[in-house]
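*Asks:* next come a sequence and a model predicted from it.
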Amino acid sequence: MERRELGRTGMQVSVLGFGGSEIGYEDVSASIVKRMLNGALDAGLNVIDTAECYENSEELIGQAVAARRKEYYLFTKCGHPEGWGRGDWRASSLLKCMERSLRHLKTDYVDLIQLHSCSEDELRKGEAVEALERARGRGYARHIGYSGDGRAALYAIECGRFDTLQTSINLADQEALELTLPLARERNVGVIAKRPLANVAWKSGSRRPTDSYAYLYWERLRELKYDFLIGELQDTVAIALRFTLSVPGVHTAIVGTTKPERIQANAAVLDAGPLPKELFDNIRARWREVADRMWVGDT
(Lines give C-alpha, C1' and ligand atoms only; values in the text may rest on other atoms or scores of the structure.)
Protein backbone atom coordinates (compact mmCIF):
# COMPACT_ATOMS: atom_id res chain seq x y z
CA MET A 1 0.00 0.00 0.00
CA GLU A 2 1.23 3.49 -0.86
CA ARG A 3 2.74 5.50 1.98
CA ARG A 4 3.13 9.26 2.25
CA GLU A 5 5.20 11.38 4.59
CA LEU A 6 2.86 13.06 7.06
CA GLY A 7 4.15 16.60 6.76
CA ARG A 8 6.89 17.62 9.12
CA THR A 9 6.26 14.68 11.44
CA GLY A 10 8.30 12.48 9.10
CA MET A 11 5.92 9.56 9.69
CA GLN A 12 5.52 7.39 6.59
CA VAL A 13 1.80 6.71 6.84
CA SER A 14 -0.33 4.37 4.76
CA VAL A 15 -2.80 6.29 2.61
CA LEU A 16 -5.61 4.29 4.22
CA GLY A 17 -5.96 4.39 7.99
CA PHE A 18 -8.36 2.76 10.43
CA GLY A 19 -10.83 4.98 12.27
CA GLY A 20 -11.97 3.78 15.68
CA SER A 21 -15.29 5.55 16.22
CA GLU A 22 -17.61 2.82 14.91
CA ILE A 23 -16.12 0.03 16.99
CA GLY A 24 -16.76 2.09 20.12
CA TYR A 25 -20.22 3.40 19.31
CA GLU A 26 -21.66 0.27 17.69
CA ASP A 27 -20.89 -2.30 20.40
CA VAL A 28 -18.48 -4.43 18.36
CA SER A 29 -17.08 -7.47 20.12
CA ALA A 30 -13.44 -7.68 21.14
CA SER A 31 -12.95 -10.78 18.99
CA ILE A 32 -14.16 -9.01 15.83
CA VAL A 33 -12.00 -5.95 16.55
CA LYS A 34 -8.97 -8.18 17.06
CA ARG A 35 -9.57 -9.94 13.74
CA MET A 36 -10.28 -6.66 11.96
CA LEU A 37 -7.24 -4.75 13.22
CA ASN A 38 -4.81 -7.60 12.76
CA GLY A 39 -6.17 -8.05 9.25
CA ALA A 40 -5.71 -4.33 8.62
CA LEU A 41 -2.07 -4.45 9.70
CA ASP A 42 -1.52 -7.54 7.57
CA ALA A 43 -3.00 -5.65 4.59
CA GLY A 44 -0.45 -2.86 4.98
CA LEU A 45 -2.35 -0.24 7.00
CA ASN A 46 -0.13 1.40 9.60
CA VAL A 47 -2.40 4.14 10.99
CA ILE A 48 -4.96 3.64 13.76
CA ASP A 49 -6.92 6.72 14.85
CA THR A 50 -9.33 6.91 17.77
CA ALA A 51 -10.46 9.23 20.59
CA GLU A 52 -11.05 9.01 24.31
CA CYS A 53 -14.74 9.84 23.83
CA TYR A 54 -15.44 6.96 21.41
CA GLU A 55 -16.90 4.82 24.20
CA ASN A 56 -14.59 1.78 24.65
CA SER A 57 -12.73 2.16 21.35
CA GLU A 58 -9.34 2.76 22.98
CA GLU A 59 -9.67 -0.30 25.18
CA LEU A 60 -10.66 -2.49 22.25
CA ILE A 61 -7.67 -1.29 20.23
CA GLY A 62 -5.30 -1.86 23.12
CA GLN A 63 -6.58 -5.38 23.64
CA ALA A 64 -6.41 -6.19 19.94
CA VAL A 65 -3.00 -4.99 18.79
CA ALA A 66 -0.88 -3.78 21.70
CA ALA A 67 1.45 -6.72 21.02
CA ARG A 68 2.14 -5.32 17.53
CA ARG A 69 2.74 -1.75 18.70
CA LYS A 70 5.88 -1.23 16.60
CA GLU A 71 3.95 -1.97 13.39
CA TYR A 72 1.59 1.03 13.40
CA TYR A 73 1.23 4.71 14.21
CA LEU A 74 -1.28 5.33 16.95
CA PHE A 75 -3.34 8.54 16.99
CA THR A 76 -5.93 9.58 19.55
CA LYS A 77 -7.83 12.72 20.55
CA CYS A 78 -8.66 14.45 23.80
CA GLY A 79 -11.01 17.09 25.17
CA HIS A 80 -14.32 15.29 25.75
CA PRO A 81 -13.81 13.16 28.89
CA GLU A 82 -17.53 12.92 29.57
CA GLY A 83 -18.53 12.08 26.01
CA TRP A 84 -18.79 13.90 22.69
CA GLY A 85 -20.15 17.44 22.92
CA ARG A 86 -19.07 18.08 26.51
CA GLY A 87 -15.65 19.60 26.02
CA ASP A 88 -13.23 20.32 28.85
CA TRP A 89 -10.19 22.28 27.68
CA ARG A 90 -8.47 22.84 31.03
CA ALA A 91 -4.88 21.65 31.04
CA SER A 92 -5.42 19.44 34.08
CA SER A 93 -8.35 17.67 32.43
CA LEU A 94 -6.54 17.20 29.11
CA LEU A 95 -3.47 15.71 30.78
CA LYS A 96 -5.67 13.29 32.73
CA CYS A 97 -7.39 12.31 29.49
CA MET A 98 -4.06 11.55 27.86
CA GLU A 99 -2.84 9.49 30.80
CA ARG A 100 -6.08 7.50 30.76
CA SER A 101 -5.79 6.98 26.99
CA LEU A 102 -2.30 5.51 27.37
CA ARG A 103 -3.61 3.03 29.93
CA HIS A 104 -6.54 2.05 27.73
CA LEU A 105 -4.35 1.70 24.63
CA LYS A 106 -1.76 -0.33 26.57
CA THR A 107 1.13 1.81 25.40
CA ASP A 108 3.70 4.22 26.81
CA TYR A 109 3.10 6.83 24.11
CA VAL A 110 0.98 7.73 21.13
CA ASP A 111 2.45 9.00 17.89
CA LEU A 112 -0.09 11.82 17.70
CA ILE A 113 -2.36 13.45 20.25
CA GLN A 114 -5.02 15.77 18.83
CA LEU A 115 -7.27 18.42 20.30
CA HIS A 116 -10.73 17.19 19.40
CA SER A 117 -12.71 19.99 17.73
CA CYS A 118 -12.32 22.75 20.27
CA SER A 119 -13.36 26.22 19.18
CA GLU A 120 -11.13 28.93 17.77
CA ASP A 121 -11.69 30.91 20.98
CA GLU A 122 -10.36 28.02 23.06
CA LEU A 123 -7.37 27.65 20.77
CA ARG A 124 -6.56 31.35 21.12
CA LYS A 125 -6.67 31.15 24.91
CA GLY A 126 -3.66 28.88 24.66
CA GLU A 127 -4.19 26.63 27.68
CA ALA A 128 -5.32 23.62 25.66
CA VAL A 129 -2.43 23.87 23.21
CA GLU A 130 0.04 24.29 26.07
CA ALA A 131 -1.34 21.10 27.64
CA LEU A 132 -0.58 19.14 24.48
CA GLU A 133 2.89 20.63 24.33
CA ARG A 134 3.43 19.64 27.96
CA ALA A 135 2.24 16.12 27.18
CA ARG A 136 4.70 15.93 24.31
CA GLY A 137 7.45 17.08 26.66
CA ARG A 138 6.54 14.31 29.10
CA GLY A 139 6.76 11.71 26.34
CA TYR A 140 3.04 10.97 26.21
CA ALA A 141 2.98 11.86 22.50
CA ARG A 142 5.56 12.33 19.78
CA HIS A 143 3.52 14.89 17.84
CA ILE A 144 0.51 17.14 18.44
CA GLY A 145 -2.38 17.95 16.13
CA TYR A 146 -5.77 19.57 15.79
CA SER A 147 -8.91 17.74 14.65
CA GLY A 148 -11.65 20.00 13.36
CA ASP A 149 -12.93 22.19 10.57
CA GLY A 150 -13.62 25.73 9.44
CA ARG A 151 -12.06 28.83 10.94
CA ALA A 152 -10.76 26.97 13.98
CA ALA A 153 -8.85 24.61 11.70
CA LEU A 154 -7.43 27.56 9.80
CA TYR A 155 -6.23 29.18 13.01
CA ALA A 156 -4.70 25.88 14.12
CA ILE A 157 -2.49 26.00 11.03
CA GLU A 158 -1.81 29.74 11.27
CA CYS A 159 -0.62 29.58 14.88
CA GLY A 160 2.21 27.25 13.87
CA ARG A 161 2.04 25.02 16.94
CA PHE A 162 0.42 21.91 15.47
CA ASP A 163 2.13 19.22 13.40
CA THR A 164 -1.06 17.88 11.81
CA LEU A 165 -4.63 18.76 10.90
CA GLN A 166 -7.42 16.18 10.78
CA THR A 167 -10.35 17.61 8.85
CA SER A 168 -13.41 16.58 6.80
CA ILE A 169 -12.67 16.01 3.11
CA ASN A 170 -15.03 14.15 0.79
CA LEU A 171 -17.42 14.46 -2.15
CA ALA A 172 -19.94 16.34 -0.01
CA ASP A 173 -17.49 18.30 2.13
CA GLN A 174 -14.93 20.31 0.17
CA GLU A 175 -14.55 23.55 2.14
CA ALA A 176 -11.10 22.52 3.35
CA LEU A 177 -9.73 22.29 -0.19
CA GLU A 178 -9.73 26.06 -0.40
CA LEU A 179 -9.86 27.22 3.23
CA THR A 180 -7.12 25.22 4.96
CA LEU A 181 -5.27 22.80 2.70
CA PRO A 182 -3.29 25.37 0.67
CA LEU A 183 -1.80 26.83 3.86
CA ALA A 184 -1.23 23.35 5.31
CA ARG A 185 0.80 22.43 2.22
CA GLU A 186 2.75 25.69 2.42
CA ARG A 187 3.66 25.06 6.06
CA ASN A 188 4.23 21.32 5.68
CA VAL A 189 1.44 20.41 8.10
CA GLY A 190 0.34 16.78 7.84
CA VAL A 191 -3.27 16.35 6.69
CA ILE A 192 -5.49 13.48 7.84
CA ALA A 193 -8.83 13.25 6.01
CA LYS A 194 -11.78 12.29 8.18
CA ARG A 195 -15.12 11.14 6.77
CA PRO A 196 -13.47 10.42 3.38
CA LEU A 197 -16.49 8.40 2.23
CA ALA A 198 -19.05 11.07 3.17
CA ASN A 199 -20.63 8.49 5.49
CA VAL A 200 -21.67 6.64 2.29
CA ALA A 201 -24.74 8.87 2.50
CA TRP A 202 -25.81 8.14 -1.09
CA LYS A 203 -26.47 4.45 -0.44
CA SER A 204 -30.04 5.14 0.72
CA GLY A 205 -30.85 6.60 -2.69
CA SER A 206 -33.89 8.89 -2.67
CA ARG A 207 -34.91 7.77 0.82
CA ARG A 208 -33.79 9.95 3.70
CA PRO A 209 -31.23 7.92 5.69
CA THR A 210 -32.38 6.67 9.06
CA ASP A 211 -28.91 7.38 10.45
CA SER A 212 -28.81 11.09 11.32
CA TYR A 213 -25.01 10.96 11.00
CA ALA A 214 -25.40 10.67 7.24
CA TYR A 215 -28.28 13.12 6.75
CA LEU A 216 -26.32 16.34 6.14
CA TYR A 217 -24.22 14.75 3.40
CA TRP A 218 -27.29 13.05 1.89
CA GLU A 219 -28.94 16.45 1.52
CA ARG A 220 -25.89 17.93 -0.16
CA LEU A 221 -25.43 14.99 -2.53
CA ARG A 222 -29.05 15.28 -3.65
CA GLU A 223 -28.20 18.75 -4.91
CA LEU A 224 -24.80 17.86 -6.31
CA LYS A 225 -26.30 14.98 -8.32
CA TYR A 226 -23.03 13.27 -9.18
CA ASP A 227 -24.03 10.79 -11.88
CA PHE A 228 -21.37 8.25 -10.90
CA LEU A 229 -23.10 7.67 -7.56
CA ILE A 230 -25.86 5.74 -9.36
CA GLY A 231 -23.58 2.74 -9.91
CA GLU A 232 -22.83 -0.32 -7.81
CA LEU A 233 -22.02 0.54 -4.20
CA GLN A 234 -18.51 -0.92 -4.31
CA ASP A 235 -17.73 1.19 -7.40
CA THR A 236 -19.09 4.40 -5.92
CA VAL A 237 -17.18 3.85 -2.67
CA ALA A 238 -14.02 3.39 -4.72
CA ILE A 239 -14.52 6.71 -6.52
CA ALA A 240 -15.29 8.53 -3.28
CA LEU A 241 -12.19 7.22 -1.52
CA ARG A 242 -9.92 7.85 -4.50
CA PHE A 243 -11.30 11.39 -4.78
CA THR A 244 -10.31 12.21 -1.21
CA LEU A 245 -6.85 10.73 -1.65
CA SER A 246 -6.38 12.63 -4.92
CA VAL A 247 -6.76 15.98 -3.15
CA PRO A 248 -3.37 17.74 -3.06
CA GLY A 249 -1.94 17.79 0.44
CA VAL A 250 -3.90 14.83 1.85
CA HIS A 251 -1.60 12.22 3.36
CA THR A 252 -3.95 9.60 4.79
CA ALA A 253 -7.71 8.97 4.92
CA ILE A 254 -9.26 7.50 8.06
CA VAL A 255 -12.08 5.02 7.40
CA GLY A 256 -14.08 3.40 10.17
CA THR A 257 -15.98 0.16 9.88
CA THR A 258 -17.34 -2.74 11.90
CA LYS A 259 -16.81 -5.28 9.11
CA PRO A 260 -13.36 -6.84 8.65
CA GLU A 261 -13.96 -7.47 4.95
CA ARG A 262 -14.48 -3.75 4.27
CA ILE A 263 -10.88 -2.95 5.14
CA GLN A 264 -9.60 -5.45 2.60
CA ALA A 265 -12.01 -4.10 -0.04
CA ASN A 266 -11.04 -0.47 0.58
CA ALA A 267 -7.35 -1.34 0.45
CA ALA A 268 -7.83 -3.14 -2.85
CA VAL A 269 -9.51 -0.22 -4.64
CA LEU A 270 -6.53 2.01 -3.95
CA ASP A 271 -4.40 -0.10 -6.27
CA ALA A 272 -6.02 1.88 -9.09
CA GLY A 273 -4.26 5.03 -7.87
CA PRO A 274 -5.61 8.61 -8.02
CA LEU A 275 -8.78 9.47 -9.89
CA PRO A 276 -8.36 10.42 -13.55
CA LYS A 277 -7.78 14.17 -13.70
CA GLU A 278 -10.90 14.79 -15.78
CA LEU A 279 -13.18 13.11 -13.24
CA PHE A 280 -11.49 14.87 -10.32
CA ASP A 281 -11.84 18.24 -12.05
CA ASN A 282 -15.50 17.56 -12.87
CA ILE A 283 -16.24 16.80 -9.22
CA ARG A 284 -14.58 20.03 -8.15
CA ALA A 285 -16.35 22.05 -10.83
CA ARG A 286 -19.74 20.67 -9.79
CA TRP A 287 -19.02 21.59 -6.17
CA ARG A 288 -18.13 25.17 -7.13
CA GLU A 289 -21.29 25.41 -9.19
CA VAL A 290 -23.71 24.06 -6.60
CA ALA A 291 -22.26 24.37 -3.10
CA ASP A 292 -23.99 26.85 -0.85
CA ARG A 293 -21.75 29.17 1.17
CA MET A 294 -23.20 27.56 4.29
CA TRP A 295 -21.79 24.15 3.29
CA VAL A 296 -19.00 24.33 5.79
CA GLY A 297 -16.87 21.48 7.10
CA ASP A 298 -18.87 18.99 9.16
CA THR A 299 -17.29 18.78 12.59
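*Replies:* Thanks, I have the structure now.
*Asks:* my read: Leu179 touches Ala156, true?
*Replies:* No: proximity of Leu179 to Ala156 does not meet the contact threshold set by Cβ atoms under 8 Å, at 11.8 Å. C-beta: built from backbone N, CA, C; applies to glycine.
*Asks:* list residues touching both of these two?
*Replies:* The overlap between the contact sets of Leu179 and Ala156 (Cβ atoms under 8 Å, 6 or more residues apart in numbering) is empty.
*Asks:* more crowded one of these two?
*Replies:* Shown here are Leu179 and Ala156; by other Cβ atoms under 10 Å, Ala156 has more neighbours (28 against 18).
*Asks:* for the nearest residue in space to the more buried one that is not next to it in sequence, helix, strand, or coil?
*Replies:* Setting aside the residues directly before and after it, Ala156 is nearest to Tyr146 in space (Cβ to Cβ, 6 or more residues apart in numbering), at 3.7 Å. The three-state assignment at Tyr146 reads strand, by DSSP: H, G, I helix; E, B strand; the rest coil.
*Asks:* ok, Tyr146 touching Gln166?
*Replies:* Yes: judged on Cβ under 8 Å, Tyr146 makes contact with Gln166 at a distance of 7.3 Å.
*Asks:* which residues are common contacts for these two?
*Replies:* Gln114.
*Asks:* which other helices and strands contact the helix or strand harbouring Ile192?
*Replies:* Following DSSP states H and E, one finds Ile192 within strand 190-194. The contact analysis (3 or more Cβ pairs under 8 Å, 6 or more residues apart in numbering; DSSP states H and E) places strand 190-194 against strand 141-147, strand 164-168, helix 181-186, strand 252-256.
*Asks:* what's the next secondary structure element after the longest one?
*Replies:* In this case it means strand 141-147. With elements assigned by DSSP H and E, the helix or strand that comes after strand 141-147 is helix 150-158.
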